[in-house]
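Asks: Coordinates only, no sequence provided:
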Ligand SMILES: Nc1nc2c([nH]c(=O)n2[C@H]2C[C@H](O)[C@@H](COP(=O)(O)OP(=O)(O)OP(=O)(O)O)O2)c(=O)[nH]1
């Protein structure tokens, strides 16, 4: 089975997390943390910065890995590395998504994410990231 390395970035603004709804052909309607495939020669942190610039037109710094999940799709296995990010510059705007929301940890379960994302949501709801956001 083909395997892809993917990163996604979690931006916390005050007590909310930025989530985005996918549009287009693949997984439309699912909420996610913005991200995408790591390219050859890139570190995970570089991939986060590039993807979030492409998708939201913001500059971020990947601060800390929150967790890694395996998202098994019918045709591909995604190794998804979820990073807590600091927003350095810009205001997130939609470029490839069709909705953006700022959501409190306890509200994340009201949104339809990929089932494989549950450990990310659990980690945020257990506030394991507190130290990364002084
Ligand atoms: N499970 C899970 N997958 C995610 C999240 N965020 C995210 O981008 N992905 C996955 C979904 C896609 O299958 C994969 C690649 O995303 P993409 O298609 O936007 O990647 P890309 O920008 O590199 O795409 P491309 O147009 O260059 O082909 O990453 C997430 O929060 N959870």
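Replies: Noted; the coordinates are in hand. This structure is a prediction, so every number in the text was calculated from the model and none was measured. Residues are numbered from 1 along each chain as shown.
Asks: Give the buried residues for the longest helix along the chain.
Replies: Longest helix of the chain, by residue count under DSSP state H: helix 44-56. Neighbour-count burial for helix 44-56, with 16 or more other C-beta atoms under 10 Å as criterion, is recorded at 44-45, 47-49, 51-52, 55-56. Quick note: C-beta positions are derived from backbone N, CA and C, even for glycine.
Asks: quick one: which helix or strand includes the residue of the chain found nearest the ligand?
Replies: Ranking the residues of the chain by distance to the ligand (C-beta to the nearest ligand atom) places residue 36 first, at 2.8 Å. Assigning secondary structure by DSSP states H and E places residue 36 in strand 35-37.
Asks: Run through who's touching that strand.
Replies: 4-9, 47-48, 51-52, 54-55, 80 (C-beta atoms under 8 Å, 6 or more residues apart in numbering).
Asks: cool, stretch 58-70 as well?
Replies: Against stretch 58-70 from outside (C-beta under 8 Å, 6+ apart): 7, 9-11, 44-45, 48-49, 52-53, 77-92, 116-117, 119-120, 123-124, 128-129, 132.
Asks: Now find how far off-centre that stretch is within its chain.
Replies: The chain centre lies 7 Å from the centre of stretch 58-70; the measure is C-alpha atoms, centre = their mean, to the nearest Å.
Asks: Next: stretch 97-111.
Replies: 12 Å.
Asks: in it, what's buried?
Replies: 97, 103, 105, 108.
Asks: Could you find which two of those are furthest from each other?
Replies: Greatest spatial distance among the buried residues of stretch 97-111 (C-beta to C-beta): 97 and 105, at 20.4 Å.
Asks: Helices of the protein, start to end?
Replies: Under DSSP H, the chain gives helices at 44-56, 118-125.
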